[in-house]
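In: Return a 3D structure for these sequence lines:
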Amino acid sequence: MFWSKNAKISLDGLELAEICQLDAEALYRSGKYHCAEAVMEAIRKHFSPETAESVVGAVSGFGGGSGAGCICGAVSGGTVAIGLVLQDKKATAHLTRELHVWFKEKYGVTCCKVIRANNPKGVCPELTGEVAGKIAEMLQRK
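Out: Okay, the predicted model is just below:
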């Protein structure tokens with residue numbers, strides 16, 4: 001599918017999880033955010049808008065598997081986003097485990113290098129959106 005960096009997405013009639021998914025994917029595709037930052041910003045924007053956008057910088061080191069290719073940046077950034085919203089250690093740990101289980105079921109691993117090696121080129125934008133959507137879905141249940 002062709003994606004324009006300047007494309008405007010209509011959010012009318014969509015559920016919040018779908019909106020977060022589309023927002024995160026669009027942020028990633030814009031080139032201004034990597035995976036962790038895009039997930040963090042989409043969740044911050046919709047679940048903690050009173051939090052300064054500058055908090056997104058806290059996850060900047062997680063892109064590309066924390067620069068070493070290990071744990072997926074979208075999952076890492078998502079974990080921080082969950083904690084930002086919930087502000088509860090036990091609940092954050094619970095949803096983090098749920099996120100990891102879901103992600104491993106979908107992609108087999110949480111390792112960035114392995115995911116990129118075993119999936120079509122360009123999987124990261126879609127994966128980033130899917131993680132943000134899943135987190136939004138989980139947070140709405142809380």
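In: low pLDDT regions in the chain?
Out: Scanning the chain for pLDDT under 70 picks out the ranges 1-13.
In: The residue nearest to the spatial centre of it and E98, how far apart?
Out: Taking Cα atoms, centre = their mean, the centroid of the chain lies closest to V39, which sits 2.9 Å from it. Per Cβ to Cβ, to the nearest Å, V39 is found 15 Å from E98. Yep, even glycine has a C-beta here, placed from its N, CA and C like the rest.
In: likewise T51?
Out: Distance from T51 to E98, counting by Cβ to Cβ: 22 Å.
In: go on, V80?
Out: Per Cβ to Cβ, V80 is found 16 Å from E98.
In: ok, back up a step: the residue nearest to the centre of the chain contacts A132, correct?
Out: Yes. With contact defined as Cβ atoms under 8 Å, V39 counts as touching A132 (4.7 Å).
In: Common neighbours of these two, please.
Out: Overlap between the contact sets of V39 and A132, as judged by Cβ atoms under 8 Å, 6 or more residues apart in numbering, is given by 24, 74, 78.
In: Please convert those to CSV, extending it with neighbour count, secondary structure and distance to L14.
Out: Formatted as CSV, the shared contacts of V39 and A132 follow (neighbours: other Cβ atoms under 10 Å; DSSP: H, G, I helix; E, B strand; the rest coil; distance: Cβ to Cβ, whole Å):
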residue, neighbour count, secondary structure, distance to L14
A24, 35, helix, 13
A74, 35, helix, 20
G78, 31, helix, 20
